[in-house]
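K.L.:
Turn this into a structure:
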Amino acid sequence: MVIYSDKQIIAAIRDGENKEVLKSLYKNVLPNVERYITQNKGTAEEAFDVFQDSILIFYKQVVNGSYDEEKYKVAGYVYAICKKLWINIAKRKEVGKKWEKNQTIYDQDGELNILDKLLDNERTILINKTLSLL
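P.N.:
The predicted structure is shown next:
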């Protein structure tokens, strides 16, 4: 497979002749992204999805002219997009885990389980005692 220069990649995307240059990005950048994501609590499938999203972002930026080709190298720029996307995903995953841990557990009938019922009763008794002292 041919390795394209940054200028060739940008020109090909702008001209709509991007099939081969995008394949080249997949071959050259995706393994690094996969390594980063799998080392940071992700899977290969998640890495592929993140890479796909980053390619779309990069592609749109090239087409609309917001990508600064003088300032950034293509591979590094796509990799940086992947890292930012993964950090956001990982944060959401962590928040989701914390949220699940804090949820009250219900039994099959949708009722609070026994332990939670006991704790609720204890809280109610404590609140009533405190209010009666006032």
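
K.L.:
tell me which residues of the helix or strand where Val21 lies are tucked away?
P.N.:
Using DSSP states H and E, the element containing Val21 is helix 19-38. By 16 or more other C-beta atoms under 10 Å, the buried positions in helix 19-38 come out as 21-22, 24-26, 29-30, 32-34, 36-37. Backbone N, C-alpha and C define where each C-beta goes, glycine included.

K.L.:
Let me have these in TSV, extended by pLDDT and distance to Val63.
P.N.:
Putting the buried residues of helix 19-38 into TSV (pLDDT from 0 to 100; distance: C-beta to C-beta, whole Å) gives the following:
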residue	pLDDT	distance to Val63
Val21	90	13
Leu22	89	13
Ser24	91	18
Leu25	91	15
Tyr26	91	19
Val29	94	19
Leu30	95	21
Asn32	95	24
Val33	96	22
Glu34	96	26
Tyr36	95	26
Ile37	94	26
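
K.L.:
and the helix or strand just after the helix holding Val21, which residues are buried?
P.N.:
Following helix 19-38 in sequence order, the next helix or strand is helix 44-64 (DSSP H and E). Judged by neighbour count using 16+ other C-beta under 10 Å, the buried positions of helix 44-64 are 46-47, 49-51, 54-55, 57-59, 61-62.

K.L.:
Among these, which one sits closest to Ile9?
P.N.:
Val62 (8.3 Å; C-beta to C-beta).

K.L.:
wait, the closest one sits on Arg14?
P.N.:
Yes: assessed by C-beta atoms under 8 Å, Val62 is found in contact with Arg14 at 6.4 Å.

K.L.:
What helices and strands are in contact with the helix holding Val21?
P.N.:
Here helix 19-38 touches helix 6-15, helix 44-64, helix 74-102, going by 3 or more C-beta pairs under 8 Å, 6 or more residues apart in numbering; DSSP states H and E.

K.L.:
Now do that helix: distance to the chain's middle.
P.N.:
Distance of helix 19-38 from the chain centroid (C-alpha atoms, centre = their mean, to the nearest Å) equals 17 Å.
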